[in-house]
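K.L.:
please find the sequence and the predicted model below.
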Amino acid sequence: MKKITIVGSGRVGESTAHNLAKAELCREIMLIDIKEGMPQGTALDIQESAPIFEFDTKLSGSNDLAAMADSQMVIVTAGVPRKPGMSRSDVLDTNLAVIDGIVDAMLKVAPQAMLLMVTNPVDVLTYAVAKRSRWPRNRVFGMAGVLDSARMASFIAMETGFSVKDISAMVLGGHGDTMVPMTRYTTINGIPIAHFMSDDRIERIVKRTREGGAEILSLRKTGSAYDAPAAAVASMVDAISRNRRQILPAVAMLEGEYGLEDICMGVPVVFGERGLERVIELPLSDAEAEEFRRSAEHVRADLARLRG
Ligand SMILES: NC(=O)c1ccc[n+]([C@@H]2O[C@H](COP(=O)([O-])OP(=O)(O)OC[C@H]3O[C@@H](n4cnc5c(N)ncnc54)[C@H](O)[C@@H]3O)[C@@H](O)[C@H]2O)c1
Ligand SMILES: O=C(O)C[C@H](O)C(=O)O
């Protein structure tokens, strides 16, 4: 890709910029933030690591949303994170106001770009962007499942002692307390985890995965997770910019899949050069379908707040 803009150069934005630059996933990165001097300073700081990491990506910063002109992708990490004790939905109203301005600016200066939403609550804000922009779903999607699945895989590696490289985990649904860790589709080198772990141990991992964001918040206290989230964003950009046609869980607009439409939430999708190229519909057991339905209800409750 030629140019990627990251709007919001706080913790997740900065770490994402560094990951994209180190992997040379685009030729140019524009960092934008409302804080004066901050995106410029962050861009320069990362740029000065280029001789050490040996990347040719050029970084710059701006306080003007018009600087996203000609981007092929805009990654949105602007807004506020929740504080300990809050749910992600508690920052909806604050972050919605931020997102609307970004979409309006994109419609003017980068109307053909893809938008990758990170700001929380990510399912609802992805939906808000899709509705405001009227872009097709291949160009509007959100990051959550790659992060939640990485957390689940990390916890399985910690519990079993097996290499994390062999663990393939999958978490679907809304990015909240009702997310759906798909234990039946989670394997260690192709072997279902039930072969290695008791139901109790699996249930502990499911719970810890659902509470993964809150666990980091409660330890760190001054901010939410950013390193694993930024790595997750970079892996989605990698799949798109290198046209890998990789299956990753991501927040997508559903158009009848899983019996749902007019809602954004986490499902397995194929990422390639056109962005979100296809939603994959997995057969669900009765129990999984029920968890998925409950998660959708939770997202819909927040969507109702958008309307009114
Ligand atoms: N989807 C996920 O899985 C996931 C993971 C981690 C964080 N997040 C979310 O990402 C968001 C950012 O988290 P963070 O830790 O980087 O927060 P942060 O406070 O470090 O950074 C947010 C930045 O956004 C900037 N900002 C605010 N309004 C803006 C606007 N109108 N235009 C441009 N910039 C603006 C702020 O100045 C700040 O620098 C939060 O909403 C957080 O919950 C989501
Ligand atoms: O927990 C949060 O609020 C941030 C993010 O959604 C996460 O899961 O780390």
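P.N.:
Ah, there it is. Ligands and ions are numbered 1, 2, ... in the order given.
K.L.:
only C-alpha atoms for contact and neighbour calcs from this point on.
P.N.:
OK.
K.L.:
on the pLDDT front, check Thr222 for me.
P.N.:
pLDDT for Thr222: 88.
K.L.:
the one 10 residues further on too?
P.N.:
Turning to Ala232, the model gives it a pLDDT of 98.
K.L.:
is it in contact with Arg151, as I believe?
P.N.:
No: in this structure Ala232 lies outside contact range of Arg151 using C-alpha atoms under 8 Å: 10.5 Å.
K.L.:
identify the contacts common to the two.
P.N.:
Common contacts of Ala232 and Arg151 (C-alpha atoms under 8 Å, 6 or more residues apart in numbering): none found.
K.L.:
Phe196: neighbour count?
P.N.:
13 (other C-alpha atoms under 10 Å).
K.L.:
if you could redo that for Ile102, that was the one I meant.
P.N.:
Ile102, neighbours per other C-alpha under 10 Å, totals 18.
K.L.:
check contacts around Asp56.
P.N.:
Taking C-alpha under 8 Å, 6+ apart as the test, what Asp56 contacts is 21, 24, 27, 50.
K.L.:
show me which positions of the longest helix seen in the chain end up buried.
P.N.:
As assigned by DSSP state H, the longest helix anywhere in the chain is helix 286-307. Neighbour-count burial for helix 286-307, counted by 16 or more other C-alpha atoms under 10 Å, picks out 288, 291-296, 298-300, 302-303.
K.L.:
for stretch 143-162, same thing?
P.N.:
143-157.
K.L.:
show me which residues of the stretch 101-250 of the chain are close to ligand 1?
P.N.:
Neighbours of ligand 1 within the stretch 101-250 of the chain, by C-alpha under 6 Å from any ligand atom: 118-120, 122, 143-144, 223-226, 229.
K.L.:
quick one: contacts for the closest residue to ligand 1 within the stretch 201-308 of the chain?
P.N.:
Proximity of the stretch 201-308 of the chain to ligand 1 (C-alpha to the nearest ligand atom) peaks at Pro229, 4.8 Å away. Pro229 makes contact with 12, 144, 147, according to C-alpha under 8 Å, 6+ apart.
K.L.:
just Thr178 next, same as before
P.N.:
210, 291, 294-295, 298 are the contacts of Thr178 under C-alpha under 8 Å, 6+ apart.
K.L.:
mind putting the residues you listed in JSON lines, pLDDT included?
P.N.:
Shown next, in JSON lines, are those (pLDDT from 0 to 100):
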{"residue": "Arg210", "pLDDT": "97"}
{"residue": "Glu291", "pLDDT": "96"}
{"residue": "Arg294", "pLDDT": "97"}
{"residue": "Ser295", "pLDDT": "98"}
{"residue": "His298", "pLDDT": "96"}
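K.L.:
and of those, the nearest to Asp166?
P.N.:
The closest of those to Asp166 turns out to be Arg210 (C-alpha to C-alpha; 21.6 Å).
K.L.:
which element is the residue nearest to that closest one when sequence neighbours are not counted on?
P.N.:
Closest residue in space to Arg210, ignoring its immediate chain neighbours: Asp177 at 5.5 Å, by C-alpha to C-alpha, 6 or more residues apart in numbering. Assigned by DSSP states H and E, Asp177 falls within no helix or strand.
K.L.:
how many residues are close by the residue of the chain found nearest ligand 2?
P.N.:
Nearest to ligand 2 in the chain, going by C-alpha to the nearest ligand atom, is Gly213, at a distance of 3.4 Å. Residues contacting Gly213 under the criterion other C-alpha under 10 Å number 22.
K.L.:
leaving out the residues flanking it, which one is nearest to His175?
P.N.:
Ala144 (6.0 Å).
K.L.:
ok, that neighbour touching Val267?
P.N.:
No: using C-alpha under 8 Å, Ala144 is not in contact with Val267; the gap is 10.0 Å.
K.L.:
what sits in contact with each of these two?
P.N.:
With C-alpha under 8 Å, 6+ apart, Ala144 and Val267 have common neighbours 249-251.
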